[in-house]
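*Asks:* quick one: sequence and predicted model below, then my questions.
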Amino acid sequence: MARPVFKDYSQNQLSCFPADLGSLIAESSPARIVSMVVDKLDVSEVVRTYKFGGASSYHPKMMLKVVFYAYMNNIFSCRRIEKQLKENINYMWLSGMQYPDYHTINNFRSLHLKDTITKLFTQVVLMLCDMGCLSLEESYVDGTKIEARSNKYTFVWKKNIVRNRNKLLEKIKNILTQIDEGIAQDLNYESDDTKGTPVFDKETLLKKIGEINEENLDKSKKKALKQLKEKHLPKLNEYDASLEILGERNSYSKTDHDATFMRMKEDAMNNGQTKPGYNLQIGTSKQFVINFDLFSNPTDTLTLEPFVKKQEELYPGRLKELTADSGYGSEENYTMLEQRGITAYVKYNYFHKEQHKPLKNNPFIPQNLYYNAQDDYYVCPMGQHMTHIGSIKDTNERKFTSYTDIYQAQNCIGCPLRSSCNKSKGNRVINVNHNLNRLKRQAFDLLTSQEGLVRRSRRPIEPEAVFGQIKTCMGYKRFRHLGKEKCYMDFGILAIAFNILKLSRLKEINPFEKLKMILCVFLLLLFLFKYAKRFFYIVPALKNKGLYKK
């Protein structure tokens, strides 16, 4: 019987020459793609963020390679990255056998990438565009909400702040009236938007309090003045600081002032509980991220204009077509895209419903009434003219002005269709925004065209697929930093890593595998068509003979 023969094994074997780690990395490894991309980047902006002098620093390209490769493998913790540098051969090769600790990695992200991540991201996108992987002329835009790091019970609501501040101002007014009625009368009162509570100028208030002579006050008035200075005025400053942080928002978190409380899709309790988070907007092309930004506004409608403006700043004159869902379909957004010369494949509310019979065949709704543009009147279902009686001008906080025209019927008394047409006591009145209707007709023609059908079919598999991969596959469901700037930096690293990972997967597929995949899909479709055709022919015949049962 032959004896077993084993190779020599010694854990403490010494080598005269160091091993070449590159020879141990596969040619198709994503680590090589990361190294190739980072080597082509211009990191001069990152170098400017360093303070020269003292001990030498790790090279920024080496740090970028390590951080990008870690994010590609769903590793976002600096301590875990430090561990991988000592255990994983891919990280060792990328770092050149250097071992920065977690504190160095964290400082590199926070200090050197916070202000430069946008330029690095832009370089990667332009590099992919030159390689033919994506097109900057088209953009599919969508948004999702990602939870912030702050605690969900650290909320501050604007309504509560305004209400409590008004109550405090009433207390201050009563105390001043108690101390000196003349001082209370000298203050300038203004009407507030909440229950008509009087509000006075804070600077005038402090000036009047400083003019009070405490020597002439009795004990009770001195006590009231002391309470006013030590308790009420600091509380008033606190309310004013909260209102300044809130701005136009309705809420913010105490631990992350940039985070706004929003309703998240990832709700473990299924009770619609609001959580602090950010509204993440991305633009994609062939499932590559070409633009991203964070907003504190929970609705998508108000984010499109600054988002498009940023993309045009990153890639001037490139954007030609934009596709988005009905959350972006507003008169302001349509007008903005039209002025910029961008073809808008953007849905609007009731785009699908108005194509169905309940709305399409309803003769009483304003969009189905006949309109005479020359004489400017509508015709009701009974043939009565609805003449123009006025218009409404509305300017929002972003200084966008919209005009709504008002039309009224001449006489609805005794009309046999009144119960179906008009439920008001007087003659029927309709409000019409002609500019919005014109923009909706343009959007409808684009969306129902052949190119529009292609855009609409691709929209669900563009940004929504990217969100699914980022949240589910990469586990990026919550930010790990406090503050909008650091969250923006962190997602910028993830977006670059996502694009490089997408590129590495494209490189892995050779032409023969592509041909094989196309052939398999063709055979599967042929098989399904064959049996589906047989099913549709056989089932009606069986039904006619009474032999088919579900």
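*Replies:* Cool, got the structure.

*Asks:* for residue 285, what are its contacts?
*Replies:* The contact partners of residue 285, taken as C-beta atoms under 8 Å, 6 or more residues apart in numbering, are 134, 135, 136, 138, 139, 140, 462. Yep, even glycine has a C-beta here, placed from its N, CA and C like the rest.

*Asks:* tell me the domain ranges of this structure?
*Replies:* Domain ranges of the chain: 21-113, 156-253, 353-439, 510-550, per automatic domain parsing.

*Asks:* quick one: mean pLDDT over the first one.
*Replies:* Okay, so that is domain 21-113. On average, the pLDDT along domain 21-113 is 91.

*Asks:* tell me, how many residues neighbour residue 105?
*Replies:* 22 (other C-beta atoms under 10 Å).

*Asks:* look up the closest residue to it, ignoring the ones flanking it.
*Replies:* residue 78 (4.4 Å; C-beta to C-beta, 6 or more residues apart in numbering).

*Asks:* pretty sure that neighbour is touching residue 110, no?
*Replies:* No - using C-beta atoms under 8 Å, residue 78 is not in contact with residue 110; the gap is 10.0 Å.

*Asks:* ok, these two, which is more surrounded?
*Replies:* A count of neighbours by other C-beta under 10 Å puts residue 78 above the other of residue 78 and residue 110, at 21 against 14.

*Asks:* mind listing what the residue nearest to residue 105 touches?
*Replies:* 102, 103, 105, 106, 109.

*Asks:* the third one contacts residue 66, correct?
*Replies:* Meaning residue 105. Yes - the pair residue 105 and residue 66 qualifies as a contact (C-beta under 8 Å) at a distance of 7.5 Å.

*Asks:* helix, strand, or coil at residue 151?
*Replies:* coil (DSSP: H, G, I helix; E, B strand; the rest coil).

*Asks:* what's the local residue count around the closest residue to it other than its chain neighbours?
*Replies:* Closest residue in space to residue 151, ignoring its immediate chain neighbours: residue 255 at 6.3 Å, by C-beta to C-beta, 6+ apart. For residue 255, the count of nearby residues is 14 (other C-beta under 10 Å).

*Asks:* wait, residue 255 touches residue 154, no?
*Replies:* Yes - between residue 255 and residue 154 there is a contact at 5.1 Å, judged by C-beta under 8 Å.

*Asks:* what ranges does the stretch 301-450 of the chain have for its strands?
*Replies:* 321-324, 343-346, 370-372, 377-379, 385-395, 401-409, 429-432 (DSSP state E, counting those that start in this stretch).

*Asks:* packing partners of the longest one?
*Replies:* The one in question is strand 385-395. strand 377-379, strand 401-409, strand 429-432 (3 or more C-beta pairs under 8 Å, 6 or more residues apart in numbering; DSSP states H and E).

*Asks:* each with direction, which strands does the shortest one pair with?
*Replies:* Strands adjacent to strand 377-379 in the sheet, as given by DSSP bridges, are strand 370-372 (antiparallel), strand 385-395 (antiparallel).

*Asks:* show me what contacts residue 250?
*Replies:* Contacts of residue 250 (C-beta under 8 Å, 6+ apart): 157, 158, 159, 260, 261.

*Asks:* between the residues you listed, which has the most around it?
*Replies:* So for the contacts of residue 250 (other C-beta under 10 Å), the most neighbours sit at residue 260, 25 neighbours.

*Asks:* backbone dihedrals for residue 7, please?
*Replies:* Main-chain dihedrals, residue 7, degrees, to the nearest 10: phi -70, psi 160.

*Asks:* please report how far it lies from residue 73.
*Replies:* For residue 7, the distance to residue 73 (C-beta to C-beta, to the nearest Å) stands at 32 Å.

*Asks:* out of those two, which sits in the busier spot?
*Replies:* Neighbours per residue, other C-beta under 10 Å: of residue 7 and residue 73, the larger number sits with residue 73, 18 against 4.

*Asks:* relative to residue 379, how far out is that one?
*Replies:* Distance of residue 73 to residue 379, given as C-beta to C-beta: 66 Å.

*Asks:* same check, this time on residue 87
*Replies:* On the measure of C-beta to C-beta, residue 87 and residue 379 end up 78 Å apart.

*Asks:* what does residue 107 give?
*Replies:* 71 Å.

*Asks:* ok, back up a step: list the contacts for the residue nearest to residue 151?
*Replies:* 149, 150, 151, 154, 482.

*Asks:* give the buried subset of the residues you listed as a PyMOL selection command.
*Replies:* The PyMOL selection below is limited to those of these classed as buried (16 or more other C-beta atoms under 10 Å):
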select buried, resi 149+150+482
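
*Asks:* nearest to residue 440, of the contacts of residue 255?
*Replies:* residue 150 (40.0 Å; C-beta to C-beta).

*Asks:* hey, what's in contact with both of residue 105 and residue 66?
*Replies:* Common neighbours of residue 105 and residue 66 (C-beta under 8 Å, 6+ apart) are residue 81.

*Asks:* got a pLDDT number for residue 392?
*Replies:* At residue 392, pLDDT is 90.

*Asks:* measure how buried it is and give me the count.
*Replies:* 11.

*Asks:* tell me how many other residues surround the nearest residue to it once chain neighbours are set aside.
*Replies:* Take residue 392 and drop its neighbours on the chain: the residue closest to it by C-beta to C-beta, 6+ apart is residue 404, 4.4 Å away. Other residues near residue 404 come to 15 when the count uses other C-beta under 10 Å.

*Asks:* low pLDDT regions in the protein?
*Replies:* 1, 15-18, 180-205, 207-217, 267-272, 507-517, 528-550 (pLDDT under 70).

*Asks:* kindly recompute the last result at 80.
*Replies:* Per-residue confidence for the chain (pLDDT under 80) gives these ranges: 1-2, 6-20, 52-54, 173-226, 229, 265-273, 424, 507-550.

*Asks:* now the helices for the stretch 251-400 of the chain?
*Replies:* 304-314, 331-339, 357-360 (DSSP state H, counting those that start in this stretch).

*Asks:* contacts for the last one?
*Replies:* Read that as helix 357-360. Contacts of helix 357-360 (C-beta under 8 Å, 6+ apart): 350, 353, 354, 365, 368.

*Asks:* try the second one
*Replies:* Applying C-beta under 8 Å, 6+ apart, the set of residues contacting helix 331-339 from outside is 301, 304-305, 308, 322, 343-344, 346, 396, 398, 400, 402, 433, 435-436, 439-440, 442-443.

*Asks:* how about that helix: buried residues?
*Replies:* For helix 331-339, by 16+ other C-beta under 10 Å, it's 331, 332, 333, 334, 335, 336, 337.

*Asks:* re earlier: which residues sit in contact with the residue nearest to residue 392?
*Replies:* Residues counted as contacts of residue 404 (C-beta under 8 Å, 6+ apart) are 391, 392, 394, 431, 432, 433.

*Asks:* tell me who's in contact with the fourth one.
*Replies:* This means residue 431. Per C-beta under 8 Å, 6+ apart, neighbours of residue 431: 366, 392, 404, 405, 406.

*Asks:* closest to residue 418 among the residues you listed?
*Replies:* Closest to residue 418, out of all of the contacts of residue 431 and judged by C-beta to C-beta, is residue 366, at 16.2 Å.

*Asks:* which of the contacts of helix 357-360 tops the neighbour count?
*Replies:* Comparing these by number of neighbours (other C-beta under 10 Å), residue 354 comes first, having 17 neighbours.

*Asks:* doesn't residue 366 make contact with that one?
*Replies:* No - between residue 354 and residue 366 there is no contact under C-beta under 8 Å: 11.7 Å.

*Asks:* mind listing the helices in the stretch 51-200 of the chain by residue range?
*Replies:* 60-72, 78-87, 89-95, 102-107, 117-130, 158-179, 181-186.

*Asks:* okay, those helices, which one's buried deepest?
*Replies:* Among the helices of the stretch 51-200 of the chain, helix 60-72 has the highest mean neighbour count (mean count of other C-beta atoms under 10 Å), at a mean of 23.
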